[in-house]
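Engineer: Sequence and predicted model, in that order:
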Amino acid sequence: MKQNIKILSQKCCEDLLTFQSDNFLRDKYRQENYDTTGLEFLKIKTNYQIDNDLTLGVEARHDCQNSIEIFKQLHTLDKVQANDKRLWVTLTHTLYYNYSVQRWDITSEKTSSNKIIDRLHFEGSGIDSRMGNSISRLWWTAKVTFDNKRSDEFELTRLIWEKQDVQVALMERTFSTYPNVIQGFLEFFKSNKQLKEDELRGIIKGLNALGGVKVLPLLPKEEIITELKKIADYSDISVI
């Protein structure tokens, strides 16, 4: 059964950040479950719904399936909603607080304030906030890799999570919101699994630099793949 998600107010999201100078609020992040008593939720009903029994695995090897499941639950989000701080901060402080603190070892007394802000809040530039928040990163990775023209719609989602370094290197770049670029790279990667991590990083770096001379969002996936082969050839990296 699905439940509607009541989201926190903007002011509440901002107030939560005062944990940095408030020992009482800081101590709440050392608990297994976050005490939401007194938090201000919007009274209006949202159309965000999530299955009551959806649980997420807390180890890195579970990221792929978690990514797929979160996207399935919230696949109707538009870009404005998907960049709404209130939604992601709500999820990391309510339904998926326990997951978030276990996945990133937040309850430790040695956990820095920056780590809490990074994984449980939604601060910074667009890319930083999307890829930092423990639930947003899952949704956005599936969003740009989902392809309903494939027999397995999540084939590229599974592919990007095969190597954590690849997922991070791709999704923390400016081009990370362009499905044509990400999917083009993953098609290239699918045919070149022999590449070492340093070679992949070099090619990704070259792709990022290419964005300075070509408008990447306008290039079809096939041209992205062609450009990647050129980058590899220039770097004396053997590819198929």
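Structural biologist: Yep, that arrived. Residues are numbered from 1 along each chain as shown.

Engineer: C-alpha only now, for contacts and for neighbours.
Structural biologist: Noted.

Engineer: doesn't residue 134 make contact with residue 92?
Structural biologist: Yes: the criterion here is CA atoms under 8 Å, and residue 92 meets it with residue 134 at 7.1 Å.

Engineer: Spit out the contact partners of residue 71.
Structural biologist: Residue 71 sits next to 138-140, 142-143 when contact means CA atoms under 8 Å, 6 or more residues apart in numbering.

Engineer: what's the answer for residue 18, then?
Structural biologist: For residue 18, counting by CA under 8 Å, 6+ apart, the contacting residues are residue 25.

Engineer: Quick check: it vs residue 81, distance?
Structural biologist: 25 Å (CA to CA, to the nearest Å).

Engineer: what's the helix or strand of the chain with the lowest mean pLDDT in contact with?
Structural biologist: Counting by mean pLDDT, DSSP states H and E, the chain has its least confident helix or strand at strand 2-4, which shows a mean of 88. With contact meaning CA under 8 Å, 6+ apart, strand 2-4 is reached by 45-52.

Engineer: So which of the residues you listed belong to strands?
Structural biologist: Counting by DSSP state E, the part of these found in strands is 49-51.

Engineer: of the residues you listed, buried ones?
Structural biologist: Buried subset of the ones in strands among the contacts of strand 2-4 (neighbour count, 16 or more other CA atoms under 10 Å): residue 50.

Engineer: can I get the ones in strands among the contacts of strand 2-4 in JSON lines with distance to residue 33?
Structural biologist: Below are these laid out as JSON lines (distance: CA to CA, whole Å):
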{"residue": "49", "distance to residue 33": "21"}
{"residue": "50", "distance to residue 33": "19"}
{"residue": "51", "distance to residue 33": "19"}
